[in-house]
Structure formats: C-alpha cells, structure tokens
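[1] Let me see the structure of the following:
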Amino acid sequence: MTVAFLTRKRRRAVVAIGAVSAGLLVLSACDKPTPLATVTVGTESVNSEAACYNDGDPIKESQIPACLNKKAEKSISVESDDKIRFGVDPEIAENGWTIFLGGQQAEPEPYKKTYRTIPASAFFSSQSGESTNKTQVTIVENTGKTVTGIWHFELKKKS
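    Predicted structure coming up:
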C-alpha cells in the first residue's frame with residue numbers, strides 16, 4: 001500500500017513539473033504586448049497596440065516614414081461638436097507623445113500626461129481649409145529627439 005502511494009505522489013510531481021515547464025515554454029514564445037493608446041468619443045472607445053514599436057527603444061529613422069504612413073486599423077465616428085479624448089499608457093506619457101494628422105506633426109512639443117481632450121472640429125478641416133469626412137490621427141511616442149512608438153486611428157465624421 002505504501003509503494004502505490006509513493007508512486008502516485010511521484011506521478012503527481014512529474015505531472016506538475018511537466019505542466020509548469022509547458023506553461024513557461026508557452027509564455028516564452030509570446031511577445032510582450034505593446035502599450036495601448038485609446039480614443040474615446042462619448043461612450044464609445046477604441047484602443048490599439050502600436051503599429052510600430054521597438055520595446056521602448058527608438059525606432060530606426062529609416063522606418064519612421066513607412067510607420068507614419070500605415071493605414072489606421074481602428075476607427076471611431078464623431079460629430080463635429082464632440083470632444084475627443086486621447087489616452088495613453090503611463091510609460092508612453094513618461095517619454096511624451098505628440099499627435100500627427102495625415103502623417104504630419106500637429107504639435108510642436110511632446111505632451112507628458114496620460115490623458116487629454118481635443119474638440120472634434122479641430123480634426124476636420126484640411127490644410128486648404130476645406131472640410132473633410134475622415135482623417136487619420138496618429139499618436140507618436142517621442143522624447144523630442146527619438147520616436148519610440150506609433151499608434152493610428154481614423155476619425156470618421158458622422159453624416
């Protein structure tokens with residue numbers, strides 16, 4: 001009876017060790033998720049992982065134009081009198097972040113807080129003053145000298 005009990009204990013120990021080993025193997029194969037950026041309009045929100053991210057290290061200068069020109073995968077509809085709330089993970093805010101419109105920098109200095117609100121009307125006029133129905137907004141994590149992450153969203157004007 002004692003022999004069967006020890007064997008059962010050993011079996012459990014081997015199974016437990018095997019399960020832990022398999023779990024660690026699965027976790028080691030996973031990539032660490034990028035920090036999130038979120039856009040909220042009223043009660044609707046969309047969030048996205050970075051389109052380009054290098055684990056917090058600077059993105060190569062040669063890759064930045066292609067990253068800025070990627071098409072947004074996430075979109076949200078807005079009325080022209082809505083307020084658009086932008087939120088970023090604290091680690092993005094530590095470095096600072098800037099909003100780009102259509103691939104062009106829209107602000108001179110990086111913002112250092114995790115949350116801000118901007119009127120939707122600021123996003124729906126083109127350089128020539130014409131009204132547009134959609135625009136791509138890009139959040140760029142930067143220190144002022146280097147770019148470390150890029151997130152894209154599309155704002156669609158409700159009819």
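[2] in this structure, which segments are predicted with low confidence?
    Applying pLDDT under 70 to the chain flags the ranges 1-32, 125-131.
[3] Helices of that one, start to end?
    Assigned by DSSP state H, the chain shows helices spanning 2-29, 64-68, 90-95.
[4] So what touches the last one?
    It stands for helix 90-95. 35, 37, 56, 110-114, 139, 141-143, 148-149 (Cβ atoms under 8 Å, 6 or more residues apart in numbering). All C-beta atoms are positioned from the backbone trio N, CA, C, and that covers glycine.
[5] Tell me the buried residues in it?
    92, 93, 95 (16 or more other Cβ atoms under 10 Å).
[6] circling back to that earlier point, quick one, which of the contacts of helix 90-95 are buried?
    Using 16+ other Cβ under 10 Å, the buried members of those are 35, 37, 110, 111, 114, 139, 141, 142, 148, 149.
[7] Not including adjacent chain positions, what is the nearest residue to the last one?
    Meaning residue 149. Take residue 149 and drop its neighbours on the chain: the residue closest to it by Cβ to Cβ, 6 or more residues apart in numbering is residue 141, 3.8 Å away.
[8] Please name the bridge partners of that neighbour.
    residue 97, residue 149 (DSSP bridges).
[9] Am I right that it is in contact with residue 147?
    Yes: here residue 141 reaches residue 147: they are 7.0 Å apart, a contact under Cβ atoms under 8 Å.
[10] distance of residue 48 from residue 137?
    11 Å (Cβ to Cβ, to the nearest Å).
[11] Overlap of the contact sets of the two?
    Common neighbours of residue 48 and residue 137 (Cβ under 8 Å, 6+ apart) are 152, 153.
[12] Closest one to residue 101 out of the buried ones among the contacts of helix 90-95, please.
    Of all the buried ones among the contacts of helix 90-95, residue 139 has the smallest distance to residue 101: 11.1 Å, by Cβ to Cβ.
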